[in-house]
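Novice: let's see this in three dimensions:
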Amino acid sequence: MEGTILFVVLIAAFFAIFYFLLVRPQKKREREHRLFLNSLKRGDRVITVGGIYGEIELIDEESVVLKVEDGGRLRVRKSSIVGRWG
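Specialist: Numbers count the residues shown, from 1 in each chain. Okay, here's the model as predicted:
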């Protein structure tokens, strides 16, 4: 009986540690990234996950058109933008 209770307590402690060390921080990062993406606007200078630097020309729900240095334009997924620069 005591062994079973100890086992249940250890399993619960394991899941609590797993939640607070892995799941919760990941959800926080996802929430912050979603807020960042929602704050983007035309004219923002951004960098993508692939390392492409550009300025936002057009933005919609799922994609962004970036004007890059040579004057070209690229359409990328909105979720691939990781930060601002400049």
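Novice: for residue 42, helix, strand, or coil?
Specialist: Three-state assignment for residue 42 (DSSP: H, G, I helix; E, B strand; the rest coil): coil.
Novice: all strands of the chain, in order?
Specialist: Using DSSP state E, the strands assigned to the chain run over residues 45-48, 53-59, 63-67, 73-77, 81-84.
Novice: relative to residue 25, which of those strands is closest?
Specialist: Nearest to residue 25, of all the strands of the chain, is strand 81-84, at 17.2 Å by C-beta to C-beta. Just so you know, the C-beta spots here come from the backbone N, C-alpha and C atoms, and that holds for glycine as well.
Novice: next up, the contacts around the residue sitting nearest the centre point of the chain.
Specialist: For the chain, the residue sitting closest to the mean C-alpha position, by C-alpha atoms, centre = their mean, is residue 33 at 3.9 Å. By C-beta atoms under 8 Å, 6 or more residues apart in numbering, the contact set of residue 33 is residue 79.
Novice: let's have the chain start at 2 instead
Specialist: Taking 2 as the first residue, the last one we looked at is residue 34.
Novice: relative to residue 40, how far out is it?
Specialist: 11 Å (C-beta to C-beta, to the nearest Å).
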